[in-house]
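[1] Any chance you can model this:
(chains A and B)
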Amino acid sequence: MSASSPSAPSRRRQPWWWLVIACALVVPVLLFAYVAGWMTPDRLTPARFVDQFQHGGVHPGFRRNHAKGMCVSGYFQSNGAASRYSTASVFATDARTPVIGRFAVPGPNPVASDAAGPVRSLALRFTPEDGQQWRTAMNNSPVFVVATPAGFLARMIAHQPDPATGKPDPARIAAFRAAHPETRAFLAWAKATRPSSSWATQTYRSLDAFEFVDAEGHQHPVRWRMQSETPAPINDEGSGNDGLATDLQQRLAQGPLRWRLIVTLAQPGDPTDDATRAWPEDRPEVDAGTLVLTRAESQSEGPCRDINYDPTVLPNGIRISNDPLLPARSAVYALSHLRRTSEEAHVPGYPAVQPSATPQEHTP
Amino acid sequence: MTSPTRHFHWLPRLLHWSMAVLIVAMLFIGIGMVGSVSSTHEALIRLHKPLGILILLLALLRVCTRLAARPPALPTTLPRWQKHAAHASHWLLYGLMIAMPLIGWAMLSAAGDPIVLGGGLRLPPIAPQSTLLYAYLRQAHTVLAFGLFATILGHVGAALHHGLIRRDGVFSSMARGRRRE
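    Predicted structure coming up:
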């Protein structure tokens, strides 16, 4: 390069220099496309998960999964017991932290039947005064159904309705289960559990493991659960199609609903990267305080509507573990949140898929 | 021909090349993190936010140095439209370098997300909580990222055209300082 002599522009034709320039522009574009995943369609991207949730159509503005639910609000009253293990301000003695939550049932259909399955979920956002946040999204099952993002996508595809019959193909489901023996613990629970008639009576578990960090900087692998203080009826009659919302409002009209936050401490060797495996029953537990929910509102008008319950939004004193589901949940929830808020805001081009003309009632 | 204005001063040159590395890295981090569901996603997001704020600070400093000291003049032989294009594309670059971090910061504010830079450092919100605002800012963050990438490619193409084809000293004015001879 003779740029050192600022002479008149070279008159010579130098096609190879044009080639160098072309390469200098094309190579970054190709690299960019590769990093974006555009050249590797088999790569697991957030879009593949969210597109799969949208397989049966889009319900504009609704969450892509756990679409049917209800907003709740209240507070968490800490007793200080967990502050030995985590510096998070929500665990400080006598700390009372406002909470906005959401009860839901799984699936992309906002008018699904409550009785379609036994899974109920509770998502919470704690907002302590120091401006930090703790968001958690929990289910009532003792374990999660799959251990990895790839397993989750394979499960969704296996349960996708067959175009010929409009129903999932039992052979594909059986093949998926055979290939994923880690689903057995969840499936045994699902088979033995009747869909409850109340969100209030359920105990909700983090399923994924997290790390508590104490004042000395030591890490403590944990899982937590919100253990219901509301007894379940002896003979639960079931929820009917839409009974959960009515039940919740009736109960809250009588007074607040309570859960104990129980933190389970792992022992060395307990899996932190596999949410399909429960930890042994005898693990030490810490009762960290009480969640008190006082108010319920519809999800279209309530304060939970636009919250992305990303379980990796954590305060100082809590960190994610090596559980592979956590980063995937964060990435997929973010895209689901972007799509539904863009639909809500009428961003041009949204919804990107034809909306479901009539929401399918009560998908299994 | 070694008048003082042939080459950029060391400070704008240092800023230019360090920001070039940071911004290109940032574009790849951004597109990589939204296309990943593995632990890469978390690692890249943790890098993305503090790096964005660093680029914002450097871009503001870069604009100050640009306003404080006139850059070396373009060659008189350069066609008028290329001079205009050079001028406009530089201000477009400065604008995007400053807008991208601010939009990222504002969109997290609008979503009500904590803006964590790591090491316990958090930034205050700079926009009101609003779903409408979030949706548009978040979409703009993507669209302008592609715009920034395209502008940078145009900048690189033009710089190499000066350096390899025209050989008019424009490339070397940023590539190195004045030779001491």
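[2] would you list every one of the helices in the chain?
    Going with chain A. Using DSSP state H, the helices assigned to chain A run over residues A:15-36, A:46-53, A:149-158, A:170-179, A:184-192, A:243-254, A:325-344.
[3] wait, I meant chain B there
    Under DSSP H, chain B gives helices at B:10-33, B:39-68, B:80-111, B:131-160, B:170-175.
[4] Which single residue of chain B ends up nearest chain A?
    residue B:169 (3.2 Å; Cβ to the nearest Cβ). C-beta coordinates here come from the backbone N, C-alpha and C atoms, glycine included.
[5] on that earlier part again, which of the helices of chain A sits most buried?
    helix A:325-344 (a mean of 24; mean count of other Cβ atoms under 10 Å in any protein chain shown).
[6] Is there contact, residue-wise, from it to chain B?
    Yes - Helix A:325-344 reaches chain B (Cβ under 8 Å from any Cβ of the partner chain) through A:326-328, A:330-332, A:334-335, A:337-338, A:341-342, A:344.
[7] Flag the shaky bits of chain A, pLDDT-wise.
    For chain A, applying pLDDT under 70 flags the ranges A:1-13, A:354, A:356-364.
[8] got a list of what the closest residue to residue A:272 other than its chain neighbours touches?
    Computed as Cβ to Cβ, 6 or more residues apart in numbering or on different chains, the closest residue to residue A:272 that is not its neighbour in sequence is residue A:209, at 3.8 Å. Going by Cβ atoms under 8 Å, 6 or more residues apart in numbering or on different chains, residue A:209 touches A:221-223, A:266, A:271-273, A:275, A:321, A:323.
[9] And the contacts of stretch B:7-25?
    Outside stretch B:7-25, the residues touching it (Cβ under 8 Å, 6+ apart) are A:28, B:51, B:54-55, B:58-59, B:61-62, B:65-66, B:69, B:71-72, B:97, B:148, B:152, B:172-174, B:176-178.
[10] now do stretch A:335-352
    By Cβ under 8 Å, 6+ apart, stretch A:335-352 touches A:46-47, A:49-50, A:53, A:58, A:60-65, A:306, A:308, B:34, B:111, B:131-132, B:134-136, B:138-139.
[11] how about a cut-off of 6 Å?
    A:46, A:50, A:58, A:60-61, A:64, A:308, B:131-132, B:134-135, B:138-139 (Cβ atoms under 6 Å, 6 or more residues apart in numbering or on different chains).
[12] And for stretch A:283-302?
    Contacts for stretch A:283-302 (Cβ under 6 Å, 6+ apart): A:69-79, A:81-82, A:91, A:226, A:248-249, A:252, A:256-265, A:305.
[13] Can you select the buried ones from those in ChimeraX?
    Applying 16 or more other Cβ atoms under 10 Å in any protein chain shown to the contacts of stretch A:283-302, the buried members can be selected in ChimeraX as follows:
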select /A:69,70,71,72,73,74,75,76,77,78,79,82,91,226,248,252,257,258,259,260,261,262,263,264,265,305
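[14] before we move on, back to that, ok, the residue of chain B closest to chain A to residue A:300 distance?
    63 Å (Cβ to Cβ, to the nearest Å).
[15] more crowded one of those two?
    Using other Cβ atoms under 10 Å in any protein chain shown, the more surrounded residue of residue B:169 and residue A:300 is residue B:169, with 21 against 11.
[16] which parts of chain A sit against chain B?
    A:2-3, A:6, A:9-10, A:17, A:21, A:24-25, A:35-37, A:44-46, A:132-133, A:149, A:306, A:316, A:327-328, A:331, A:338, A:341-342, A:344-345, A:347 (Cβ under 6 Å from any Cβ of the partner chain).
[17] wait, which of the helices of chain B is closest to residue B:120?
    Smallest distance to residue B:120 across the helices of chain B (Cβ to Cβ): 12.2 Å, for helix B:39-68.
[18] and the closest one, what other elements does it pack with?
    helix A:325-344, helix B:10-33, helix B:80-111, strand B:115-118 (3 or more Cβ pairs under 6 Å, 6 or more residues apart in numbering or on different chains; DSSP states H and E).
[19] buried stuff in that helix?
    For helix B:39-68, using 16+ other Cβ under 10 Å, the buried residues are B:41-42, B:44-45, B:47-49, B:51-56, B:58-59, B:62-63, B:65-66.
[20] Show the average pLDDT along it.
    Averaging pLDDT along helix B:39-68 yields 95.
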